[in-house]
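Peer 1: please work out how this folds:
(2 chains, ligands or ions: 6)
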Amino acid sequence: MDLKLLDVEPTEAERVVVDLFNGMGRDQLLPALHAVNDRVGWISQGALNHICRVLHVPPAEAYGVASFYSLFSLTERPAKIVHVCVDLACQVNGAKALCDRLTDELGPAGAKSGWLRSPCLGVCEKAPAALAFEAGEVAKEQLLAPTHAGEVIAVAAAGPSPVDGERAEVPQAGDPGLRLLKRVGVVDPESLDDYRATGGYQALRTALLLGPSGVIREVTDAKLMGRGGAAFPTGRKWDATARQPVRPHYLVCNADESEPGTFKDRLLMEGDPFSVIESMTIAGFAAGCSKGYLYLRGEYPLALHLLRNAIAKARERGFLGTNIMGHEGFSFDIEIRRGAGAYICGEETAIFNSIEGFRGEPRSKPPFPVEVGLFGKPTVVNNVETLVNVPVILAEGSEAYTRIGTAGSTGSKLFCLSGNVSRPGVYEVPFGTTLGELLDLAGGVPPGRELRAVLLGGAAGGFVRPDELDLPLTLEDARAAGTTLGSGVVLVLDDTADLGSFLLRIAAFFRDESCGQCVPCRIGTVRQEEALHRLVGKRPLSTGAADLQLLREVGQVMRDSSICGLGQTAWNAIESALDRLGCVESFGHEEAGS
Amino acid sequence: MTIVEIGLPKRLVELTLDGESVRVPEGATILDACTASGKSIPTLCYGDTLKPANACRVCMVEVEGSRTLVPSCSRKVEPGMVVRTDSERTTHSRKLVLELLGSATDLSTTPHVDEWMSACGADPSRFGPSAPPSQDRDERRPGEHEEIDGSVAATVRQPTKVDNPLYVRDYGKCIMCYKCVDACGDQWQNSFAISVAGRGFDARISTEFATPLPDSACVYCGNCIEVCPTGALSFKREHDKREDGTWDESKQTETTTICTFCGVGCNLTLHVQDNEIVKVTSPHESTVTHGNLCIKGRFGWQHVQNR
Ligand SMILES: Cc1cc2nc3c(=O)[nH]c(=O)nc-3n(C[C@H](O)[C@H](O)[C@H](O)COP(=O)(O)O)c2cc1C
Ligand code: SF4
Ligand code: SF4
Ligand code: SF4
Ligand code: FES
Ligand code: FES
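Peer 2: Numbering: from 1, shown residues only, chains lettered A, B, ... in the order given. Ligands and ions are numbered 1, 2, ... in the order given. Predicted coordinates for the structure are as follows:
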């Protein structure tokens, strides 16, 4: 293929960073775009041209990829920019007032005024949040959480100054009952020695003794279910991949965590990065993978730093690379891929396209990833939390593991508490704990307030009423109650919360994050947002069209006919609010109750 | 793609289609099975010479045991499959997909869509009055959109792109079926002049940085026009005649002949109106071209016109 490039050259700075990719291929497109963005803050025609020349990618396609991600800009932008979260938990905690102040003092959101609105930044326990970025020879990032207008304005002007020694914190730190969170906030996340002193790498040793099929048997017997949202049995996935004769096999650790209200994977990666690396190594061993990709969302600078450190140290000490832990013939290594602002890239096939250097659009299934996955090879995709359960299973044995939780939902589960709650954060409880018990653990709603509703499972989940707090948190009970545990979101709303705005934000989120590939979701999410605006704002169409009816019909086609889970679930939370919270009465017009 | 099978005869697969038992060759799609049994299923993004894009979702059918509906254009038949093309769910889905498309896109030159709409009672206007055309679709950023109040329905209406003498891109008619991109890319032309850019409702077909076609990698093979199901891509001549009101398909004849420019022997179908060639297509079933041509065959007919 001969490439026809535009007649524009890169600047010297752009050329230098892009030339580092000489001799590489299309799968380095996303890293190369990041390199330019990190260096100059945006991607110029000359820079994109040069990337295309070096990686041999047609410019129209590279443009298609670059314009897919919200962290990249294809028009000139200053080196400094602050991403201000306006998503669910931050909205409940004053993001709107914050943005109003910024609009007054800096001007409306946009490259010129130095700040942009952002979807959930994954730090909902410290809402409202913002992430400051500055491009340069060494790009800098600083998380501001919780933040206020004064701080954002100051950092927008001065640029980020990354804080050293920032540490992950969980409210239950030190509790002897913790299994997944036991090291978080307790051990030094940069120290492999600390990790090993607290049992680290014993599970991999056990795995190497058990052999791949022995590991798969333990994980299957433990009935480990995926924690990324779909709750698929992990053992079955590994087994199906391991059986594929085609080589190589790949492992992808899904750390894209972009569901609004979700931040548990971030805590694991920041508080116990070595266990993520060890878990991936065990999964790779079991499913016969020679390489693992850790796909990390672009907005997690601290996790990136700590994981890079953990991988380097593990490699140094023979826990990654060839003949791992002296096990003849077992080679495995891990590459981190940074996402660039696209919730959809957490979908298990979109993640492949993103890694391969294509637009992060989900693929049609079948074929399933265990047969045809990354680079067309059999691939295991697992969530971070799913994986870190594996060392726990191997340490205590599948039988002991199944004694925790319920018959259908074994082990413990991480829940992300945010919104109007006294002690927000990630909590670990056995499956079967009731929602009420979990809320009590987090101190309930702030004093003097009353609980209005809980959004369970995230934007793709559903609402639970105050009279339903005895709901046992298990996969089967949630399903029976018409909701889902999803990624573990427990977003609490009290009587001060504005439900209308909250639902509108959910609708806007799905519209913004739709990849645009299929009609029901590409257009349906827009019509859903429009109809909801009319319903909430009590502004019916002059034709008198029934907006509630429209919402239901659009919701149905999205659920039935969208390609992937994003479109299929885009109506869930809104439907549940209308049906279960009776909020049509509180904002609806003539159609209430229809 | 029409493939002439000369290998071993294929095994037959038996399935139930709207209550009737049908047998089709292994590897056939549900759409093939429907066609074979005389059922017509609407399709838009399906292309007989292209791999399924699965994007438009107008062809969805119900398969027993499947949580969601499935695209008939790409899903392969399996033994014992129970398929419904006419259930309440499929009818609802088809109606809504057509309504959504019609509410956002100018479908005035998309063949058959009117019949399909009236067959299922689709009414795109119930989403509200259309928003005015926008000038900025090529610059929209992913992950954000302007604040709205629901008073108008967003559309993809935008100015037509006329930037070369051969063909016109009217993306206000584009349904994002991916066919042009696939025809231009690795499935046929290997020019990669166009791609999908942006995201969500702002996704669009674009050259790099929306640069005009003459500066792009386009070689004017017109293979994208050949596959475009909506008329979003059209010959400049057709566009001009539509603009001045002289385009009249009832007065057109089609003559298939062989291109005289080189020795490959591509089939050309000349569309002639009032003694003038107004566009050139190529038969998709031709084993030489599968509907593809080069600039000479597609556009190199000006010299035969006595103007
Ligand atoms: C729109 C969308 C976004 C998703 N985002 C994530 C994510 O950020 N992290 C994740 O682990 N799974 C995510 N998933 C679920 C994955 O598709 C997949 O089921 C999961 O990674 C499998 O891992 P598990 O079996 O360990 O849960 C997402 C799914 C959809 C449809
Ligand atoms: S459902 Fe939405 S996100 Fe998923 S493929 Fe379709 S357009 Fe893309
Ligand atoms: S005319 Fe040919 S080269 Fe140009 S965009 Fe269409 S398919 Fe691609
Ligand atoms: S321009 Fe035509 S072929 Fe291309 S995506 Fe749009 S409708 Fe499909
Ligand atoms: S960080 Fe703002 S909602 Fe999650
Ligand atoms: S024709 Fe089947 S999805 Fe478009």
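Peer 1: stretch B:94-109 near chain A at all?
Peer 2: Yes. Counting by C-beta under 8 Å from any C-beta of the partner chain, contacts between stretch B:94-109 and chain A involve B:96-97, B:100-101, B:103-104. C-betas here are computed from N, CA, C, even on glycine.
Peer 1: which SSE is the residue nearest to residue B:222 when sequence neighbours are not counted in?
Peer 2: Take residue B:222 and drop its neighbours on the chain: the residue closest to it by C-beta to C-beta, 6 or more residues apart in numbering or on different chains is residue B:298, 3.7 Å away. Element membership for residue B:298, per DSSP states H and E: helix B:295-299.
Peer 1: show me what that helix is packed up against.
Peer 2: On a contact count with 3 or more C-beta pairs under 8 Å, 6 or more residues apart in numbering or on different chains; DSSP states H and E, helix B:295-299 meets strand B:276-281.
Peer 1: pull up the pairing partners for the strand it packs on, direction included.
Peer 2: strand B:267-273 (antiparallel) (DSSP bridges).
Peer 1: could you export the strand it pairs with as PDB, CA atoms only?
Peer 2: Extracted C-alpha coordinates of strand B:267-273, given in PDB (Å, rounded to 0.1, in the frame of the first residue of the first chain):
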ATOM      1  CA  ASN B 267     -18.200  -4.600 -17.400                       C
ATOM      2  CA  LEU B 268     -19.800  -1.100 -17.500                       C
ATOM      3  CA  THR B 269     -23.500  -0.300 -17.200                       C
ATOM      4  CA  LEU B 270     -24.100   3.000 -18.900                       C
ATOM      5  CA  HIS B 271     -27.100   4.900 -17.500                       C
ATOM      6  CA  VAL B 272     -28.400   7.100 -20.400                       C
ATOM      7  CA  GLN B 273     -30.900   9.800 -20.200                       C
END
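Peer 1: just to revisit the earlier point, and the residue nearest to residue B:222, what does it touch?
Peer 2: Counting by C-beta atoms under 8 Å, 6 or more residues apart in numbering or on different chains, residue B:298 touches B:220-223, B:225, B:280.
Peer 1: PyMOL command for the buried members of those residues?
Peer 2: Under the burial definition 16 or more other C-beta atoms under 10 Å in any protein chain shown, those of the contacts of residue B:298 that qualify are selected in PyMOL by:
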select buried, chain B and resi 220+221+222+223+225+280
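Peer 1: just to revisit the earlier point, Serialize the residues of stretch B:94-109 next to chain A to CSV and add fields for secondary structure.
Peer 2: What follows is the residues of stretch B:94-109 next to chain A, written out as CSV (DSSP: H, G, I helix; E, B strand; the rest coil):
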residue, secondary structure
B:96, helix
B:97, helix
B:100, helix
B:101, helix
B:103, helix
B:104, helix
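Peer 1: nearest to residue B:274, of these?
Peer 2: residue B:101 (33.3 Å; C-beta to C-beta).
Peer 1: what sits against the closest one?
Peer 2: Applying C-beta under 8 Å, 6+ apart to residue B:101 gives the contacts A:519, A:523, B:44, B:56, B:58, B:107, B:113, B:124, B:175.
Peer 1: let's see 6 Å
Peer 2: If you count contacts by C-beta atoms under 6 Å, 6 or more residues apart in numbering or on different chains, residue B:101 has them with A:519, B:175.
Peer 1: distance check, it against residue A:369.
Peer 2: Noted for residue B:101: a distance of 30 Å to residue A:369, by C-beta to C-beta, to the nearest Å.
Peer 1: do residue B:10 as well
Peer 2: According to C-beta to C-beta, residue B:10 stands 28 Å off from residue A:369.
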